[in-house]
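> Kindly return the folded structure for what I paste below:
(chains A, B, C and D)
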There are 2 protein chains.
Amino acid sequence: MNIAEVATRAGLPPKTIRYYEEIGLIRPRRQANGYRAFADADLHKLAFLGRARSLGFSIDECRTLMALYEDRSRASADVKAVAQAHLDAIDAKIAELQGMRGTLATLVAHCAGDHRPDCPILADLAGEAC
Amino acid sequence: MNIAEVATRAGLPPKTIRYYEEIGLIRPRRQANGYRAFADADLHKLAFLGRARSLGFSIDECRTLMALYEDRSRASADVKAVAQAHLDAIDAKIAELQGMRGTLATLVAHCAGDHRPDCPILADLAGEAC
DNA sequence: CATAGGGGTTCCCGTCACTGGAAGGTCAAC
DNA sequence: GTTGACCTTCCAGTGACGGGAACCCCTATG
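As a prediction, this is how the structure comes out:
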């Protein structure tokens, strides 16, 4: 398989696949002409990576997960720990965004949104007491 | 005021303040010795920026908001539009994270987390049907 | 008066996970 | 034989800073 086909089937851009090779996540063989020759195993790994990335795991976490995946003697507890840590990080991020969202929604709701200059949003940003 | 005092009062690191000057968000005067000389107006701007950034506005959005703040003939509708767009972006981000969170939480819940290698998290990432 | 320290300054590199683009080699079709 | 699609490598840029080096300035102390 050439890179374009693998890209289509794994749902990742060719650039990303080359990048994953560069940082050592995959190691496709080469054809005589220098083209990358992807095996099914490479495609499988790329699909795994794409899925993990879509769940928000960092490249480093993906590396860990791949290593666990390929380690037949892994303990599921190790996988769960990685996933749980990521879940906690996601929860923290959601909480942070909801905090912003709350403040912002209030400000937007109180802004007339007309031609006049008075604006509670700017007043808040400027630190003026309401 | 020197940079350390302004940093304390605005709640921003000195590095960030220098960066904001570099990209043209503020323009403090200079003392004879080359030190930045911050006026109250600079401090005010920095506090404004810090607050806007803490609400998740990008630097470009902050630039726009500052320009609107300094434009006495602004229409509050313009401010509201920027804030509403950002609010929509936050909502989209929250939705995305909650999507990840849902999948991940289910996977974590189904993982035994023991010494055995079987793991629904890895199975899902590998694309195996359950 | 020399020096030690705690400011300040600029400049450059690194972050994270790619993305865009240039310059050039390769292959299949017309 | 030439187009055009594909492949390659390499370099630069993204956003919003942070770390650290190398160096200047000011004050206090022995």
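> which element is the spatially most central residue of chain A on?
Centroid check for chain A by C-alpha atoms, centre = their mean gives A:Gly56 as the closest residue, at 3.6 Å. A:Gly56 belongs to no helix or strand when elements are defined using DSSP states H and E.
> Assign a three-state SS to the nearest residue to it once chain neighbours are set aside, would you?
In this structure, A:Gly56 finds its nearest non-sequential neighbour in B:Met100, 4.8 Å apart by C-beta to C-beta, 6 or more residues apart in numbering or on different chains. (Glycine included, C-beta is placed from N, CA and C.) Recorded secondary structure, B:Met100: helix (DSSP: H, G, I helix; E, B strand; the rest coil).
> Quick one: neighbours of B:Met100, just the number.
The local packing of B:Met100 (other C-beta atoms under 10 Å in any protein chain shown) involves 18 other residues.
> show me what contacts it?
A:Ser54, A:Leu55, A:Gly56, A:Ile90 (C-beta atoms under 8 Å, 6 or more residues apart in numbering or on different chains).
> Can you flag the buried ones in the residues you listed?
Using 16 or more other C-beta atoms under 10 Å in any protein chain shown as the burial test, those include A:Leu55, A:Gly56, A:Ile90 as buried.
> Of the residues you listed, which is the nearest to A:Asp124?
The nearest member of the buried ones among the contacts of B:Met100 to A:Asp124, counting by C-beta to C-beta, is A:Ile90 at 28.2 Å.
> wait, isn't A:Thr103 in contact with B:Phe57?
No - if you go by C-beta atoms under 8 Å, A:Thr103 and B:Phe57 don't touch, sitting 11.6 Å apart.
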